[in-house]
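Novice: next input, structure requested:
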Amino acid sequence: MVRWLAEGGSEVDRDLELDDLRAKMDKAISRMASKEIVVRPEIIKDFCGIVQETNPVYFDLQEAKSAGFEKIPIPESYLLTLITPLSHELFTTGIGPLLGPVIQGIIHTSSVIEFLGSLYCDTPYRLELEFAGLVRKTGKMGEYFVGTFPHKVLDAWDELMAVDRHVFFLRTA
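Specialist: All right, here's what the predicted structure looks like:
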């Protein structure tokens, strides 16, 4: 157990501080409502134009069906755009209000994406954000926390279709 001097010279237990921050993050994330979403084909067609994706399966239903798809598929490259509402809420109403005297900066360090099924246009999905943990680390730059926040895409039967596990370094004061 590590002890340190807080402002005013009082001794504070860092493990209790970490447990308190974990509990606050868990509570904040658990209050965030899931988001229902349906991606329309015209949105994917516009996205493909922006990223210069020319495969017609992404904007022509007949081409998609000829290629064996039931509907127009959503390109894997669209996942980050799809889950953006979760990331936004993570920082605005989730952990954002918890930052301040303890956390001085945030760095997005990694994202691990896993697709468990194909995503299609005109199909309802539910987006959910979770809090998978917070650990204290020490490195060349000093002390920091590492937080993991899975962003999940589930279908109408609650089957996990995709998950993007975002990891952030939270720099301490």
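
Novice: I'd assumed A23 was in a strand, is it?
Specialist: No - counting by DSSP: H, G, I helix; E, B strand; the rest coil, A23 falls outside a strand, being helix.

Novice: quick check on H166: phi, psi?
Specialist: Backbone torsions of H166, given as degrees, to the nearest 10, read phi -90, psi 130.

Novice: surely it and H108 touch.
Specialist: Yes - contact criterion C-beta atoms under 8 Å: H166 and H108 qualify, at 6.7 Å. Yep, even glycine has a C-beta here, placed from its N, CA and C like the rest.

Novice: more neighbours, these two?
Specialist: H166 (21 against 10; other C-beta atoms under 10 Å).

Novice: what's the distance between that one and E36?
Specialist: The spacing between H166 and E36, counted by C-beta to C-beta, to the nearest Å, is 21 Å.

Novice: repeat that for V146.
Specialist: Separation of V146 from E36 (C-beta to C-beta): 31 Å.

Novice: same thing with L119?
Specialist: Distance, L119 to E36, using C-beta to C-beta: 14 Å.

Novice: more crowded one of the two?
Specialist: L119 (21 against 10).

Novice: ok, now which ones touch the more buried one?
Specialist: 39, 73-74, 78-79, 82, 125, 153, 161-162 (C-beta atoms under 8 Å, 6 or more residues apart in numbering).

Novice: let's go with 6 Å and repeat that
Specialist: Contacts for L119 (C-beta atoms under 6 Å, 6 or more residues apart in numbering) come out as 74, 161.

Novice: now swap in D155 and tell me
Specialist: Listed by C-beta under 6 Å, 6+ apart, the contact set of D155 reads M161.

Novice: what secondary structure does the spatially closest residue to A162 that is not a sequence neighbour sit in?
Specialist: Sequence neighbours aside, V153 is the residue nearest to A162 in space, at 4.3 Å (criterion: C-beta to C-beta, 6 or more residues apart in numbering). With three-state DSSP as the basis, V153 sits in strand.
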